[in-house]
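Engineer: I need the structure of the sequence given here:
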Amino acid sequence: MRAVRATTPGGADVLRVDELPDPTPGEGQVQVRLAAAGLNFIDVYRREGRYPMDFPHVVGAEGAGEVTAVGPGVADVAVGDRVAWTDGNAGSYAELVVVEADRTVPVPRDVALEVAAALMLQGITAHYLTTDTAPVHPGQHVLVHAGAGGVGLLLTQLAVAQGARVLSTVSTDEKAALSRGAGAAEVLRYDRCLDLTTELPAWVREHTDEVGVDTVFDGVGRATFDASLASLRVRGALVLFGGASGAVPPFDPMRLSQGGSLFLTRPSMAHHIRDRAELTARTDDLFTRVAHRSLDVRIGARFPLDRAADAHRALEGRTTTGKVLLVP
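Structural biologist: Predicted coordinates:
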């Protein structure tokens, strides 16, 4: 089979397509013929060596496809089943992928496998952020950074469905249109701000009757952190779920008190899909919304496996919208 490996820690040029032996499923595992693998910033962080990884390693944490073989001890998944997964150890940029059976989820026939692949990491993230980390309620104002990104578009739709008014930030006119299409009531072009730390909070207050937002969902990190804190209402919550612009430096917790008894959390998906029941409950809800056409999953770009490096460059260069997929 063909697979994309990161040969050493580094930039996108360390990605190489290799011919590898077909993987065999072991105890409790299944072999899946890939339909699509999703790209995520965690793939970039692992490729860079920011997270501890063995090198070389097959890249990719999520995907979807059809089961082609099952290992010993697998009872609930069969050959021919359509499944999706998000598993950091899967190595999903490959024509054949071996996955732990209990970390796969069934994909309904009325949901395309590419859509399922696009939904796993980003969809589950948007789901737990809006239902558990900072539950969204009718009448709230929330701010979503990178509103035209994969998580941003899904998060906006879920928040609006739960009755919130969404403000978002984007970097181009095209992305502004996409964010509004997902339900954002107000959109800020942050690339036009001379000083985001002062201009974003002023803009937020202008559109919230000078109160501020109940929640900021921030996957950008270093570049937006100070402006996010300053955009919150009293007892508001900053949900920092990523660091696309870099890690947030250490800060004095007294800033939370001085800002209005604010809350700050840094959630992780692993703590929100700890067992199969919780995992499938989230994906069942997401797939049902897709089937009922109440949740739109935008696939912004597709790349073949042999252009995985180009796909990484596009993701890192912020030139993409929605989800980026690799297809065999």
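Engineer: how distant is stretch 62-69 from the center of its chain?
Structural biologist: Mean-position distance between stretch 62-69 and its chain equals 20 Å (CA atoms, centre = their mean, to the nearest Å).
Engineer: Restrict that stretch to CA atoms and write it as CSV.
Structural biologist: Extracted in CSV, the C-alpha atoms of stretch 62-69 (Å, rounded to 0.1, in the frame of the first residue of the first chain):
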residue,chain,number,x,y,z
GLU,A,62,-8.8,10.8,11.3
GLY,A,63,-10.5,9.2,8.4
ALA,A,64,-13.3,7.1,7.0
GLY,A,65,-13.6,4.1,4.8
GLU,A,66,-14.9,0.5,4.5
VAL,A,67,-13.7,-2.3,6.7
THR,A,68,-11.8,-4.9,4.8
ALA,A,69,-10.6,-7.2,7.6
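Engineer: What residues of the worst-scoring helix or strand of the chain on mean pLDDT count as buried?
Structural biologist: When each helix and strand of the chain is scored by mean pLDDT, DSSP states H and E, helix 41-48 comes last, with a mean of 92. Going by neighbour count (16 or more other CB atoms under 10 Å), the buried part of helix 41-48 is 41, 42, 43, 44, 46, 47, 48. The way it works is simple: take the backbone N, C-alpha and C, and place the C-beta from them, glycine included.
Engineer: wait, which of those is closest to residue 68?
Structural biologist: Nearest to residue 68 out of the buried residues of helix 41-48 is residue 43 (CB to CB; 23.6 Å).
Engineer: my read: that closest one touches residue 312, true?
Structural biologist: Yes. At 7.3 Å, residue 43 counts as touching residue 312 under the criterion of CB atoms under 8 Å.
Engineer: ok so, going back, and the least confident helix or strand of the chain, what other elements does it pack with?
Structural biologist: helix 308-316 (3 or more CB pairs under 8 Å, 6 or more residues apart in numbering; DSSP states H and E).
Engineer: average model confidence for stretch 247-262?
Structural biologist: For stretch 247-262, the mean per-residue pLDDT is 95.
Engineer: And that stretch, end to end?
Structural biologist: 20 Å (CA to CA, to the nearest Å).
Engineer: for that stretch, the distance to its chain's centre please.
Structural biologist: So, by CA atoms, centre = their mean, the centroid of stretch 247-262 is 25 Å from its chain's centroid.
Engineer: Which parts of that stretch count as buried, going by neighbours?
Structural biologist: Of all the residues in stretch 247-262, those buried under the rule 16+ other CB under 10 Å are 248, 256, 259, 262.
Engineer: Kindly report the same for stretch 268-282.
Structural biologist: Buried residues in stretch 268-282 (16+ other CB under 10 Å): 269, 272, 273, 279, 280, 282.
Engineer: any idea what sits nearest the third one, other than its immediate chain neighbours?
Structural biologist: Once flanking residues are discounted, residue 273 sits nearest to residue 279: 4.2 Å by CB to CB, 6 or more residues apart in numbering.
Engineer: so the one you found is in which element?
Structural biologist: helix 276-291 (DSSP states H and E).
Engineer: May I have the beta-bridge partners of residue 232?
Structural biologist: Note on residue 232: beta-bridge partners by DSSP bridges are residue 213.
Engineer: Per the annotation, how does the protein divide into domains?
Structural biologist: 2-120+276-327, 138-266 (automatic domain parsing).
Engineer: what about these, which gets the closest to residue 130?
Structural biologist: Of all these, domain 138-266 comes closest under CB to CB, at 4.7 Å.
Engineer: Neighbours of residue 105, how many?
Structural biologist: For residue 105, the neighbour count with other CB atoms under 10 Å is 26.
Engineer: circling back to that earlier point, in contact with the residue nearest to residue 273, which residues?
Structural biologist: Residue 279 sits next to 103, 105, 124, 273 when contact means CB atoms under 8 Å, 6 or more residues apart in numbering.
Engineer: separation between it and residue 270?
Structural biologist: 11 Å (CB to CB, to the nearest Å).
Engineer: Could you export the domains of the chain as JSON lines, including distance to residue 131?
Structural biologist: Below are the domains of the chain laid out as JSON lines (distance: least, CB to CB, whole Å):
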{"stretch": "domain 2-120+276-327", "distance to residue 131": "8"}
{"stretch": "domain 138-266", "distance to residue 131": "8"}
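Engineer: For residue 129, which of the ones you listed is the nearest?
Structural biologist: Set against residue 129 and scored by CB to CB, those come closest in domain 138-266, at 5.9 Å.
Engineer: now the end-to-end length of that closest one.
Structural biologist: With CA to CA, one end of domain 138-266 sits 24 Å from the other.
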